[in-house]
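Undergrad: Based on what follows, work out the 3D shape:
(one chain, ligands or ions: 1)
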Amino acid sequence: MISTRGLTRHFKVKRRIVEAVRGLDLEVAEGELVAFLGPNGAGKSTSLRMLTTLLAPTSGEARIAGHDVRADPAAVRRRIGYVGQGNGAGPYFRVRDELVTQGRCYGFDAAESRRRADELLDTMELADLADRPAGTLSGGQRRRLDIALGMVHRPELLFLDEPSSGLDPQNRANLWEHILRLRASGTTVFLTTHYLEEADARAERVVVIDHGRIIADDTARRLKADLAGDHLTVTTDDPVRTARIADRVPLAREVVVDGNEVRLRVPDGSAVLPVLLRALDAATVDVWTAEVRRPTLDDVFLALTGRSLREVAA
Ligand SMILES: Nc1ncnc2c1ncn2[C@@H]1O[C@H](COP(=O)(O)OP(=O)(O)OP(=O)(O)O)[C@@H](O)[C@H]1O
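TA: Numbers count the residues shown, from 1 in each chain. Take a look at the predicted model:
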(Lines give C-alpha, C1' and ligand atoms only; values in the text may rest on other atoms or scores of the structure.)
Protein backbone atom coordinates (compact mmCIF):
# COMPACT_ATOMS: atom_id res chain seq x y z
CA MET A 1 0.00 0.00 0.00
CA ILE A 2 2.91 2.33 0.80
CA SER A 3 6.31 1.72 -0.77
CA THR A 4 9.16 4.22 -0.61
CA ARG A 5 12.78 4.03 -1.71
CA GLY A 6 15.28 6.63 -0.54
CA LEU A 7 12.54 9.22 -0.06
CA THR A 8 14.28 12.48 0.78
CA ARG A 9 13.26 16.08 1.36
CA HIS A 10 15.56 19.01 1.96
CA PHE A 11 14.54 22.57 2.75
CA LYS A 12 16.71 25.59 2.10
CA VAL A 13 16.59 28.00 5.02
CA LYS A 14 18.77 31.11 4.65
CA ARG A 15 21.34 29.31 2.47
CA ARG A 16 21.40 26.42 4.94
CA ILE A 17 20.07 23.01 3.93
CA VAL A 18 17.72 21.34 6.42
CA GLU A 19 17.66 17.60 5.75
CA ALA A 20 14.13 16.97 7.04
CA VAL A 21 13.77 13.42 5.64
CA ARG A 22 16.83 11.44 4.66
CA GLY A 23 16.31 8.34 2.54
CA LEU A 24 13.11 6.81 3.87
CA ASP A 25 12.68 3.12 2.91
CA LEU A 26 9.25 1.99 3.99
CA GLU A 27 6.86 -0.81 3.05
CA VAL A 28 3.34 -0.85 4.48
CA ALA A 29 1.05 -3.72 3.48
CA GLU A 30 -2.68 -3.49 2.88
CA GLY A 31 -4.69 -3.50 6.12
CA GLU A 32 -1.82 -2.62 8.46
CA LEU A 33 -2.15 -0.12 11.30
CA VAL A 34 1.19 1.63 11.59
CA ALA A 35 2.21 4.24 14.16
CA PHE A 36 4.92 6.64 13.05
CA LEU A 37 6.79 7.94 16.09
CA GLY A 38 9.55 10.42 16.61
CA PRO A 39 10.45 13.57 18.52
CA ASN A 40 9.56 17.08 17.34
CA GLY A 41 11.31 17.90 14.11
CA ALA A 42 12.17 14.25 13.35
CA GLY A 43 10.54 14.45 9.91
CA LYS A 44 7.12 12.86 10.49
CA SER A 45 4.96 15.61 8.99
CA THR A 46 7.34 16.14 6.07
CA SER A 47 7.18 12.39 5.32
CA LEU A 48 3.39 12.41 5.55
CA ARG A 49 3.15 15.45 3.30
CA MET A 50 5.27 13.72 0.66
CA LEU A 51 3.25 10.50 0.91
CA THR A 52 0.02 12.45 0.50
CA THR A 53 1.35 14.44 -2.52
CA LEU A 54 1.24 17.76 -0.65
CA LEU A 55 5.00 18.18 -0.91
CA ALA A 56 7.38 17.12 -3.68
CA PRO A 57 10.31 14.92 -2.64
CA THR A 58 13.83 16.26 -3.25
CA SER A 59 14.82 12.75 -4.35
CA GLY A 60 13.79 9.13 -4.02
CA GLU A 61 10.43 7.65 -4.80
CA ALA A 62 7.14 6.78 -3.18
CA ARG A 63 4.30 4.66 -4.49
CA ILE A 64 0.90 4.69 -2.83
CA ALA A 65 -1.54 1.95 -3.78
CA GLY A 66 0.64 1.37 -6.84
CA HIS A 67 0.72 5.02 -7.98
CA ASP A 68 3.82 7.20 -8.01
CA VAL A 69 3.31 10.34 -5.89
CA ARG A 70 5.18 12.45 -8.43
CA ALA A 71 3.97 10.99 -11.70
CA ASP A 72 0.34 10.46 -10.74
CA PRO A 73 -0.64 12.58 -7.72
CA ALA A 74 -4.33 12.70 -8.69
CA ALA A 75 -4.58 8.88 -8.63
CA VAL A 76 -2.83 8.82 -5.23
CA ARG A 77 -5.28 11.37 -3.83
CA ARG A 78 -8.25 9.32 -4.97
CA ARG A 79 -6.99 6.33 -3.00
CA ILE A 80 -6.04 8.08 0.25
CA GLY A 81 -7.63 10.10 3.02
CA TYR A 82 -5.56 12.63 4.94
CA VAL A 83 -6.49 14.16 8.26
CA GLY A 84 -3.99 16.84 9.19
CA GLN A 85 -3.41 18.50 12.54
CA GLY A 86 -5.74 21.44 11.88
CA ASN A 87 -9.52 21.16 11.69
CA GLY A 88 -10.81 20.38 8.22
CA ALA A 89 -14.36 21.63 8.73
CA GLY A 90 -15.45 25.27 8.55
CA PRO A 91 -16.81 26.39 11.95
CA TYR A 92 -20.07 27.86 10.64
CA PHE A 93 -21.21 24.99 8.45
CA ARG A 94 -23.43 22.23 9.71
CA VAL A 95 -21.85 18.85 10.20
CA ARG A 96 -24.01 17.03 7.61
CA ASP A 97 -23.58 19.86 5.05
CA GLU A 98 -19.81 19.64 5.39
CA LEU A 99 -19.89 15.93 4.64
CA VAL A 100 -22.31 16.35 1.73
CA THR A 101 -20.16 19.13 0.24
CA GLN A 102 -17.08 16.95 0.58
CA GLY A 103 -18.89 14.16 -1.29
CA ARG A 104 -19.78 16.61 -4.08
CA CYS A 105 -16.11 17.68 -4.26
CA TYR A 106 -15.22 14.04 -4.91
CA GLY A 107 -17.72 13.95 -7.75
CA PHE A 108 -20.62 12.10 -6.05
CA ASP A 109 -24.08 13.20 -7.17
CA ALA A 110 -26.37 14.90 -4.61
CA ALA A 111 -28.20 11.71 -3.59
CA GLU A 112 -25.00 9.67 -3.22
CA SER A 113 -23.35 12.51 -1.25
CA ARG A 114 -26.28 12.56 1.17
CA ARG A 115 -26.24 8.76 1.49
CA ARG A 116 -22.52 8.73 2.20
CA ALA A 117 -22.86 11.61 4.69
CA ASP A 118 -25.54 9.72 6.61
CA GLU A 119 -23.46 6.54 6.58
CA LEU A 120 -20.48 8.39 8.07
CA LEU A 121 -22.62 10.28 10.61
CA ASP A 122 -23.72 6.88 11.76
CA THR A 123 -20.35 5.10 11.85
CA MET A 124 -18.55 8.03 13.48
CA GLU A 125 -21.40 8.54 16.01
CA LEU A 126 -22.16 12.04 14.80
CA ALA A 127 -25.82 11.54 13.83
CA ASP A 128 -27.16 13.50 16.81
CA LEU A 129 -24.90 16.40 15.90
CA ALA A 130 -25.70 16.45 12.17
CA ASP A 131 -27.43 19.84 12.26
CA ARG A 132 -24.96 21.57 14.56
CA PRO A 133 -22.39 24.03 13.17
CA ALA A 134 -18.97 22.33 13.28
CA GLY A 135 -17.62 25.16 15.45
CA THR A 136 -19.89 24.12 18.33
CA LEU A 137 -18.54 20.55 18.57
CA SER A 138 -16.26 19.37 21.36
CA GLY A 139 -12.63 18.48 20.57
CA GLY A 140 -13.36 14.76 20.33
CA GLN A 141 -16.50 15.23 18.20
CA ARG A 142 -14.61 17.57 15.91
CA ARG A 143 -11.80 15.08 15.45
CA ARG A 144 -14.36 12.42 14.53
CA LEU A 145 -15.82 14.83 11.99
CA ASP A 146 -12.33 15.42 10.55
CA ILE A 147 -11.87 11.68 10.13
CA ALA A 148 -15.34 11.35 8.59
CA LEU A 149 -14.38 14.09 6.10
CA GLY A 150 -11.22 12.17 5.25
CA MET A 151 -13.25 8.99 4.68
CA VAL A 152 -16.00 10.39 2.40
CA HIS A 153 -14.52 8.92 -0.80
CA ARG A 154 -13.91 5.52 0.85
CA PRO A 155 -10.11 5.65 0.74
CA GLU A 156 -8.17 2.41 1.12
CA LEU A 157 -5.46 4.20 3.06
CA LEU A 158 -5.96 6.81 5.75
CA PHE A 159 -3.19 9.10 6.99
CA LEU A 160 -3.80 10.66 10.39
CA ASP A 161 -1.41 13.31 11.70
CA GLU A 162 -1.58 13.33 15.51
CA PRO A 163 -5.27 12.31 15.61
CA SER A 164 -5.56 12.18 19.38
CA SER A 165 -3.45 15.15 20.42
CA GLY A 166 -5.20 17.58 22.72
CA LEU A 167 -8.00 15.14 23.60
CA ASP A 168 -8.72 13.96 27.12
CA PRO A 169 -8.19 10.23 27.86
CA GLN A 170 -11.87 9.34 27.42
CA ASN A 171 -12.12 11.05 24.04
CA ARG A 172 -8.83 9.50 23.00
CA ALA A 173 -10.12 6.04 23.87
CA ASN A 174 -13.33 6.74 21.95
CA LEU A 175 -11.41 8.00 18.91
CA TRP A 176 -9.24 4.89 18.99
CA GLU A 177 -12.34 2.70 18.91
CA HIS A 178 -13.26 4.40 15.64
CA ILE A 179 -9.76 4.07 14.24
CA LEU A 180 -9.71 0.35 15.11
CA ARG A 181 -13.13 -0.08 13.52
CA LEU A 182 -11.85 1.50 10.29
CA ARG A 183 -8.87 -0.80 10.42
CA ALA A 184 -11.15 -3.82 11.03
CA SER A 185 -13.15 -2.87 7.94
CA GLY A 186 -9.97 -3.19 5.87
CA THR A 187 -8.68 0.39 5.76
CA THR A 188 -4.90 0.71 6.03
CA VAL A 189 -4.09 3.32 8.68
CA PHE A 190 -0.81 5.22 8.96
CA LEU A 191 -0.72 7.67 11.82
CA THR A 192 1.67 9.84 13.77
CA THR A 193 1.33 10.18 17.52
CA HIS A 194 3.18 11.58 20.48
CA TYR A 195 1.36 9.20 22.81
CA LEU A 196 3.74 6.29 23.19
CA GLU A 197 1.27 4.24 25.22
CA GLU A 198 -1.25 4.47 22.39
CA ALA A 199 1.21 3.37 19.76
CA ASP A 200 2.27 0.54 22.04
CA ALA A 201 -1.23 -0.69 22.83
CA ARG A 202 -3.02 -0.15 19.54
CA ALA A 203 -0.68 -0.20 16.55
CA GLU A 204 0.45 -3.54 15.20
CA ARG A 205 3.61 -1.96 13.92
CA VAL A 206 5.73 0.94 15.12
CA VAL A 207 8.09 2.89 12.89
CA VAL A 208 10.46 5.23 14.73
CA ILE A 209 12.02 8.17 12.90
CA ASP A 210 14.79 10.39 14.23
CA HIS A 211 16.73 13.11 12.39
CA GLY A 212 14.94 12.20 9.18
CA ARG A 213 15.88 8.50 9.24
CA ILE A 214 13.99 5.38 10.28
CA ILE A 215 15.80 3.94 13.27
CA ALA A 216 13.38 1.13 14.19
CA ASP A 217 10.52 -0.68 12.50
CA ASP A 218 8.79 -3.66 14.10
CA THR A 219 5.97 -4.66 16.44
CA ALA A 220 6.09 -2.79 19.76
CA ARG A 221 6.56 -6.13 21.53
CA ARG A 222 9.63 -7.12 19.54
CA LEU A 223 11.14 -3.63 19.71
CA LYS A 224 10.82 -3.67 23.47
CA ALA A 225 12.17 -7.19 23.87
CA ASP A 226 15.07 -6.80 21.42
CA LEU A 227 16.13 -3.22 22.05
CA ALA A 228 15.13 -2.35 25.58
CA GLY A 229 14.65 -5.52 27.63
CA ASP A 230 12.96 -5.89 31.01
CA HIS A 231 14.17 -3.99 34.07
CA LEU A 232 14.88 -6.12 37.12
CA THR A 233 15.22 -4.44 40.50
CA VAL A 234 16.16 -6.24 43.72
CA THR A 235 16.91 -4.76 47.11
CA THR A 236 19.08 -6.86 49.39
CA ASP A 237 21.24 -6.65 52.51
CA ASP A 238 24.40 -6.98 50.36
CA PRO A 239 24.13 -4.97 47.12
CA VAL A 240 27.78 -5.40 46.15
CA ARG A 241 27.58 -9.18 46.19
CA THR A 242 24.13 -8.99 44.57
CA ALA A 243 25.59 -6.98 41.68
CA ARG A 244 28.41 -9.50 41.28
CA ILE A 245 25.88 -12.35 41.09
CA ALA A 246 23.60 -10.33 38.78
CA ASP A 247 26.55 -9.76 36.44
CA ARG A 248 26.80 -13.53 35.94
CA VAL A 249 23.14 -13.85 34.86
CA PRO A 250 23.14 -14.77 31.14
CA LEU A 251 22.45 -11.72 28.90
CA ALA A 252 22.29 -9.35 31.89
CA ARG A 253 23.46 -5.82 31.14
CA GLU A 254 23.61 -2.38 32.68
CA VAL A 255 23.93 -3.70 36.24
CA VAL A 256 23.70 -0.64 38.51
CA VAL A 257 24.00 -0.40 42.30
CA ASP A 258 22.03 2.38 43.99
CA GLY A 259 22.09 2.12 47.80
CA ASN A 260 20.62 -1.27 48.67
CA GLU A 261 18.99 -1.46 45.24
CA VAL A 262 20.52 -3.34 42.30
CA ARG A 263 19.06 -2.79 38.83
CA LEU A 264 19.77 -4.67 35.63
CA ARG A 265 18.30 -5.30 32.24
CA VAL A 266 17.55 -8.72 30.79
CA PRO A 267 15.60 -9.89 27.72
CA ASP A 268 13.03 -11.91 29.71
CA GLY A 269 12.62 -10.68 33.27
CA SER A 270 10.00 -13.18 34.44
CA ALA A 271 12.26 -16.11 33.50
CA VAL A 272 15.45 -14.55 34.86
CA LEU A 273 14.09 -13.35 38.21
CA PRO A 274 13.68 -16.87 39.74
CA VAL A 275 17.20 -17.79 38.54
CA LEU A 276 18.64 -14.67 40.18
CA LEU A 277 16.68 -15.23 43.40
CA ARG A 278 17.91 -18.84 43.64
CA ALA A 279 21.51 -17.69 43.09
CA LEU A 280 21.18 -15.01 45.79
CA ASP A 281 19.60 -17.49 48.17
CA ALA A 282 22.42 -19.98 47.58
CA ALA A 283 24.90 -17.20 48.39
CA THR A 284 22.92 -16.43 51.59
CA VAL A 285 22.13 -12.90 50.43
CA ASP A 286 18.95 -11.67 52.11
CA VAL A 287 16.50 -10.42 49.42
CA TRP A 288 14.02 -7.76 50.64
CA THR A 289 12.13 -6.89 47.44
CA ALA A 290 12.19 -8.00 43.81
CA GLU A 291 10.45 -6.42 40.85
CA VAL A 292 10.21 -6.87 37.08
CA ARG A 293 9.26 -3.83 35.03
CA ARG A 294 8.31 -4.21 31.38
CA PRO A 295 9.97 -1.70 29.07
CA THR A 296 8.07 1.06 27.30
CA LEU A 297 8.57 2.43 23.80
CA ASP A 298 10.38 5.30 25.47
CA ASP A 299 12.96 2.79 26.75
CA VAL A 300 13.33 1.63 23.12
CA PHE A 301 13.97 5.19 21.96
CA LEU A 302 16.39 5.72 24.81
CA ALA A 303 18.26 2.52 23.91
CA LEU A 304 18.47 3.61 20.26
CA THR A 305 19.41 7.26 20.69
CA GLY A 306 20.48 7.81 24.29
CA ARG A 307 17.63 10.32 24.60
CA SER A 308 14.15 9.99 26.06
CA LEU A 309 11.39 10.54 23.54
CA ARG A 310 9.28 11.99 26.32
CA GLU A 311 11.89 14.66 27.06
CA VAL A 312 12.65 15.60 23.45
CA ALA A 313 8.95 15.60 22.58
CA ALA A 314 8.03 17.81 25.53
N1 LIG B 1 8.75 24.41 5.12
C2 LIG B 1 9.85 24.18 5.82
N3 LIG B 1 10.94 25.01 5.67
C4 LIG B 1 12.07 24.78 6.36
N5 LIG B 1 12.25 23.77 7.23
C6 LIG B 1 11.22 22.94 7.42
C7 LIG B 1 9.97 23.09 6.73
N8 LIG B 1 9.13 22.10 7.12
C9 LIG B 1 9.82 21.36 8.01
N10 LIG B 1 11.07 21.85 8.19
C11 LIG B 1 12.12 21.32 9.08
O12 LIG B 1 12.27 19.94 8.78
C13 LIG B 1 12.47 19.18 9.97
C14 LIG B 1 11.38 18.12 10.09
O15 LIG B 1 10.15 18.76 10.35
P16 LIG B 1 8.76 17.97 10.47
O17 LIG B 1 7.68 18.98 10.62
O18 LIG B 1 8.65 16.99 9.38
O19 LIG B 1 8.98 17.20 11.85
P20 LIG B 1 7.91 16.40 12.73
O21 LIG B 1 8.57 15.12 13.08
O22 LIG B 1 6.62 16.34 12.03
O23 LIG B 1 7.79 17.32 14.01
P24 LIG B 1 6.51 17.61 14.95
O25 LIG B 1 6.38 16.40 15.83
O26 LIG B 1 6.96 18.80 15.72
O27 LIG B 1 5.32 17.87 14.10
C28 LIG B 1 12.48 20.20 11.10
O29 LIG B 1 13.83 20.55 11.34
C30 LIG B 1 11.71 21.37 10.54
O31 LIG B 1 12.13 22.59 11.13
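
Undergrad: Show me how far the strand or helix carrying T235 is from its chain's centre.
TA: Secondary structure from DSSP states H and E places T235 in strand 230-236. Here the centre of strand 230-236 is set off from its chain's centre by 30 Å, with Cα atoms, centre = their mean, to the nearest Å.

Undergrad: Could you give me the buried positions within the next helix or strand after it?
TA: Moving toward the C-terminus from strand 230-236, the next helix or strand (DSSP H and E) is helix 239-247. Neighbour-count burial for helix 239-247, counted by 16 or more other Cβ atoms under 10 Å, picks out 239, 242-243, 245-246. Any C-beta I mention is one placed from the backbone N, CA and C, and that applies to glycine too.

Undergrad: Tell me which two of the residues you listed sit farthest apart.
TA: P239 and I245 (10.6 Å; Cβ to Cβ).

Undergrad: that's a strand at G6, yeah?
TA: Yes. Under the criterion used here (DSSP: H, G, I helix; E, B strand; the rest coil), G6 sits inside a strand.

Undergrad: how close does it sit to the ligand?
TA: Remark: distance between G6 and the ligand (Cβ to the nearest ligand atom, to the nearest Å) = 17 Å.

Undergrad: Look at E27 and say how many residues are nearby.
TA: Neighbours of E27 under the rule other Cβ atoms under 10 Å: 11.

Undergrad: Near the residue nearest to it when sequence neighbours are not counted, how many other residues are there?
TA: Closest residue to E27 apart from its sequence neighbours, by Cβ to Cβ, 6 or more residues apart in numbering: S3 at 5.5 Å. As a burial measure, S3 scores 17 neighbours (other Cβ under 10 Å).

Undergrad: Tell me the confidence at S3?
TA: S3 carries a pLDDT value of 96.

Undergrad: A strand includes it, no?
TA: Yes. S3: assigned to a strand according to three-state DSSP.

Undergrad: need the strands for the stretch 51-200 of the chain, in chain order.
TA: Taking DSSP state E, counting those that start in this stretch, the strands of the stretch 51-200 of the chain run over residues 59-64, 67-68, 80-83, 157-161, 188-192.

Undergrad: Dump these to TSV, plus distance to R307, mean neighbour count and mean pLDDT.
TA: Listed next are these as TSV, based on distance: least, Cβ to Cβ, whole Å; neighbours: other Cβ atoms under 10 Å; pLDDT from 0 to 100:
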stretch	distance to R307	mean neighbour count	mean pLDDT
strand 59-64	26	19	95
strand 67-68	35	17	95
strand 80-83	29	23	89
strand 157-161	23	23	91
strand 188-192	18	25	93
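
Undergrad: Is stretch 35-42 in proximity to the ligand?
TA: Yes. For stretch 35-42 and the ligand, the contact criterion (Cβ under 6 Å from any ligand atom) is met by 38, 40-42.

Undergrad: Up against the ligand, what does this protein have?
TA: So the chain meets the ligand at 11, 13, 18, 20, 38, 40-46 (Cβ under 6 Å from any ligand atom).

Undergrad: quick one: low-confidence parts of this structure?
TA: For the chain, the stretches with pLDDT under 70 are 86-89, 311-314.
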